[in-house]
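[1] Build me a model from this:
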Amino acid sequence: MTVDPSVNLPEVLAEVQAVFEEYERALNGNDVQALDRLFWRDGRTLRYGTGENLYGFDEIAAFRAARSPQGLGRSIRRRSLCSFGRDFAVANIEFVRNGDPRIGRQSQTWVRFPEGWRVVAAHVSWMQP
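    Next comes the predicted model:
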């Protein structure tokens, strides 16, 4: 197997880690403005949630605006971040919420745009314990 030197460039991986942590703080604190800022403002952005399929930034933003801020806090059990080149990355986590025996999973696809790193696709699901 040949190792591609453009995978996980240290400076790019550090940027993705920082923006991912910014996303987690915003999610746990229900900072809707920050969450909206971190998603690509485009009709092709998508987010598959635990009970909803959202197509386009407008649907994602409307979902967040209407969602209850209760019970959003979570703890990450496992995390995998991987960058490819300088402008594309994926983030995958397993998480748990207090009082919920299920294990949550989240995948995000990040792309660097002129305005910064943005999520272009996300998926959240639950596994039974």
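[2] any idea which element Leu35 lies in?
    helix 32-37 (DSSP states H and E).
[3] Can you list the buried residues in that helix?
    Using 16 or more other CB atoms under 10 Å as the test for burial, helix 32-37 gives Leu35. C-beta here means a position set from N, CA and C on the backbone, and glycine is covered the same way.
[4] Quickly run through the sheet partners of the following helix or strand past it, with directions.
    Note on helix 32-37: by DSSP H and E, the next helix or strand toward the C-terminus is strand 46-48. Strand 46-48 pairs in its sheet with strand 53-55 (antiparallel), strand 116-127 (parallel), by DSSP bridges.
[5] Beta-bridge partners for Ser75, please?
    Going by DSSP bridges, Ser75 forms beta bridges with Val96.
[6] Before we move on, what's the pLDDT of it?
    Ser75 is assigned 95 on the pLDDT scale.
[7] now it: how far from Glu94?
    Ser75 sits 10 Å away from Glu94, going by CB to CB, to the nearest Å.
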